[in-house]
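A.B. asks: Here you go, sequence then predicted model.
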Amino acid sequence: MESSDTSAVIKTPNKTYALRQKNTSNALMLLSPMESPSEDEPFGQGISIISTVKETVELDTVPEKAKAAPGKGKWHERFGRNR
């Protein structure tokens, strides 16, 4: 893992990923099954919220840098020959 003041990246032998924090206005709730605490309830089971997630970390693939194309020379060398 590498980092700077503005970004963080994870490098594997084959790929590089940029980490990006994402906030959402729609919370993700993690649920767990639960038994009803009282026998007065008509149903014996329920669910309970065990955590709420409002932020996630996203991994974006960083494209490999392409090798620079060979220079084509100056403008007059490229276009002057065709005149």
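C.D. replies: Yep, it's here.

A.B. asks: Quick one: the helices in the chain, in order.
C.D. replies: Under the criterion DSSP state H, helices of the chain are mapped to 75-79.

A.B. asks: pLDDT weak spots in this structure?
C.D. replies: Applying pLDDT under 70 to the chain flags the ranges 1-6, 36-44, 66-83.

A.B. asks: OK, contacts around the closest residue to residue 53 other than its chain neighbours?
C.D. replies: Spatial nearest neighbour of residue 53, excluding adjacent residues (Cβ to Cβ, 6 or more residues apart in numbering): residue 28 at 4.3 Å. In short, each C-beta sits where N, CA and C put it, glycine included. Contacts for residue 28 (Cβ atoms under 8 Å, 6 or more residues apart in numbering) come out as 52, 53, 54.

A.B. asks: Out of these, which comes closest to residue 13?
C.D. replies: Distance to residue 13, by Cβ to Cβ, is smallest for residue 53 among the contacts of residue 28, at 30.5 Å.
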